[in-house]
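sequence below, structure please.
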Amino acid sequence: LQLVLMQRPRERPMSNSRGDRFAPSVDSRVAAEHTEDMFEDENNRMISILQGKVSALKSVTIDINNETKEHNRLLDSMGIDFSNTGSLLGGTMGRLKNLTATSSGRTTLYLVGFILFVFFIMYYLMR
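The predicted structure follows:
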């Protein structure tokens, strides 16, 4: 009598749930984790690049704001100066009208000569 022992073929352990049969293998989990790590590293790199660009943009906008405030102050100052100059010229024109209305031809000649003198001095200085 000969006894033949037969070995049973190896079977997977039975699981209680159906999802275990479709669970990913260890290799695919490692690959998935590696891919996630790569994506995370790429995201971190892109975030740091974006942060640099945002900080540069913020710096530029702050500079533009400061420049605008400075120009507005300059324009306000110029507006006040032009207003003062306009009143001064208005007063001068009023006095010139009074002078020409009450003066003789000799005073008008002096006035024209003075204006020409000032004009030539300014021409000479600007050259």
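
so how far is the lengthiest helix in the chain off the chain centroid?
Identified as the longest helix of the chain according to DSSP state H is helix 26-102. Relative to its parent chain, helix 26-102 has a centroid offset of 6 Å by Cα atoms, centre = their mean, to the nearest Å.

give the next helix or strand downstream of that helix.
Next helix or strand after helix 26-102 toward the C-terminus (DSSP states H and E): helix 105-126.

what's the angle between that following helix and helix 26-102?
150 degrees (axes from the mean of the first three to the mean of the last three Cα atoms, to 10 degrees).

give me the helices and strands touching helix 105-126, please.
helix 26-102 (3 or more Cβ pairs under 8 Å, 6 or more residues apart in numbering; DSSP states H and E). From N, CA and C alone the C-beta is placed, and that goes for glycine too.

mean confidence score for the helix it packs on?
The average pLDDT within helix 26-102 is 88.

for that helix, packing partners?
Counting contacts by 3+ Cβ pairs under 8 Å, 6+ apart, the secondary-structure elements packed against helix 26-102 are helix 105-126.

with only the CA atoms kept, save the helix it packs on in CSV.
This file holds the C-alpha atoms of helix 105-126, laid out as CSV (Å, rounded to 0.1, in the frame of the first residue of the first chain):
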residue,chain,number,x,y,z
GLY,A,105,2.1,158.7,-24.2
ARG,A,106,5.4,159.1,-22.5
THR,A,107,4.6,156.7,-19.7
THR,A,108,3.4,154.1,-22.2
LEU,A,109,6.7,154.4,-24.1
TYR,A,110,8.6,153.7,-20.8
LEU,A,111,6.4,150.7,-20.2
VAL,A,112,7.0,149.3,-23.6
GLY,A,113,10.7,149.9,-23.3
PHE,A,114,10.8,148.1,-20.0
ILE,A,115,9.0,145.1,-21.3
LEU,A,116,11.4,144.9,-24.3
PHE,A,117,14.3,145.2,-21.9
VAL,A,118,13.1,142.3,-19.7
PHE,A,119,12.4,140.2,-22.8
PHE,A,120,15.9,140.7,-24.2
ILE,A,121,17.5,139.9,-20.7
MET,A,122,15.5,136.7,-20.5
TYR,A,123,16.4,135.8,-24.1
TYR,A,124,20.1,136.3,-23.3
LEU,A,125,19.9,134.3,-20.1
MET,A,126,18.1,131.4,-21.7
